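Peer 1: Sequence first, predicted model second:
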Amino acid sequence: EAQVTQNPRYLITVTGKKLTVTCSQNMNHEYMSWYRQDPGLGLRQIYYSMNVEVTDKGDVPEGYKVSRKEKRNFPLILESPSPNQTSLYFCASMVGINSNQPQHFGDGTRLSIL
Amino acid sequence: AQSVTQLDSQVPVFEEAPVELRCNYSSSVSVYLFWYVQYPNQGLQLLLKYLSGSTLVESINGFEAEFNKSQTSFHLRKPSVHISDTAEYFCAVRAYDSSYKLIFGSGTRLLVRP
């Protein structure tokens, strides 16, 4: 089954404690992206990756890092989480260059930073 | 740059009544248009998309949306809603260029009452 898998689904942690949210896709997609969803703001892009070792900032990259060492994985790293990063996070993937196909989303990760 | 406006943050409606969720966008270039649905505690699922061709697109569960270029709108409609349609609906656009960026509206929560 084609899917985007995120882990963990829920996490409560404290300010300053580094955390990583993993994202994996099994569709051999070139493009992957991270979004955060906040009430009244919809989804905003944090980082994206066009392919292995190619990443770039989205609209709200501050406080986040990503890496793309393998095509299937695109982890989101919070080196020193702060309460304003409490949010619902989604990973997405898409086929690739010049595609008009939609993005496929994971089920989300709800982070609470105390 | 593109932007998406969903004017209604919440739409309450009785079961079996018709509904329209409004979406307007702005863009200096042609765009692909999407509606995504998010059921409680789940990720985003593609509901329908407009890529080209017929301006009326339909989903398998009775929703339809019409692309209106002159009014830059892509409103979502259903002639008779069910309790199970209760969810948050997001309109999104992506430009006809090499950018993969998906711009989301702020979402509309459809609340279907018995």
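Peer 2: Good, I have the coordinates.

Peer 1: okay, CA-based contacts and neighbour counts for the rest of this
Peer 2: Fine.

Peer 1: For chain B, which residues are neighbours of chain A?
Peer 2: B:9, B:32, B:34, B:41-46, B:49, B:51, B:90, B:97-98, B:103-107 (Cα under 8 Å from any Cα of the partner chain).

Peer 1: can you rerun that using 7 Å?
Peer 2: B:42, B:43, B:44, B:98, B:104, B:105, B:106, B:107 (Cα under 7 Å from any Cα of the partner chain).

Peer 1: touching chain B at all, the longest strand seen in chain A?
Peer 2: Taking DSSP state E as the criterion, chain A has its longest strand at strand A:42-51. Yes: residues of strand A:42-51 contacting chain B under Cα under 7 Å from any Cα: A:42, A:43.

Peer 1: If you count neighbours, what's buried in stretch A:2-10?
Peer 2: A:4, A:5, A:6, A:7, A:9 (16 or more other Cα atoms under 10 Å in any protein chain shown).

Peer 1: Next up, the contacts around residue A:103.
Peer 2: A:92, A:93, A:94 (Cα atoms under 7 Å, 6 or more residues apart in numbering or on different chains).

Peer 1: what about 8 Å?
Peer 2: Each residue near residue A:103 by Cα atoms under 8 Å, 6 or more residues apart in numbering or on different chains is listed here: A:92, A:93, A:94, A:95.

Peer 1: which non-adjacent residue is nearest the second one?
Peer 2: What it means is residue A:93. Among residues not flanking residue A:93 along the chain, residue A:32 sits closest, at 4.2 Å (Cα to Cα, 6 or more residues apart in numbering or on different chains).

Peer 1: Could you tell me the angle between the direction of the helix or strand hosting the one you found and that of strand A:42-51?
Peer 2: Using DSSP states H and E, residue A:32 sits in strand A:31-38. Here the directions of strand A:31-38 and strand A:42-51 differ by 160 degrees (axes from the mean of the first three to the mean of the last three Cα atoms, to 10 degrees).

Peer 1: Tell me how far residue B:71 lies from residue B:65.
Peer 2: The gap separating residue B:71 from residue B:65 is 14 Å, by Cα to Cα, to the nearest Å.

Peer 1: er, residue B:7 actually
Peer 2: For residue B:7 relative to residue B:65 (Cα to Cα), the value is 16 Å.

Peer 1: mind checking which helix or strand of chain B has the lowest mean pLDDT?
Peer 2: Ranking every helix and strand in chain B by mean pLDDT, DSSP states H and E puts strand B:56-58 at the bottom, with a mean of 88.

Peer 1: so how far is the helix or strand following that one from its chain's centroid?
Peer 2: Later in the chain than strand B:56-58, the nearest helix or strand by DSSP H and E is strand B:64-68. From the chain centre to the centre of strand B:64-68 is a distance of 9 Å (Cα atoms, centre = their mean, to the nearest Å).

Peer 1: what's the answer for stretch A:4-19, then?
Peer 2: 11 Å.

Peer 1: Report whether that stretch contacts chain B.
Peer 2: No: interface with chain B: stretch A:4-19 contributes nothing (Cα under 8 Å from any Cα), its closest point being 10.0 Å away.

Peer 1: if we can go back for a sec, who has more neighbours, residue B:71 and residue B:65?
Peer 2: residue B:65 (27 against 10; other Cα atoms under 10 Å in any protein chain shown).

Peer 1: Chain neighbours aside, what residue packs nearest to the more buried one?
Peer 2: residue B:76 (4.4 Å).

Peer 1: which stretches of chain A have low pLDDT?
Peer 2: Flagging of chain A using pLDDT under 70 yields the residue ranges A:97-99.
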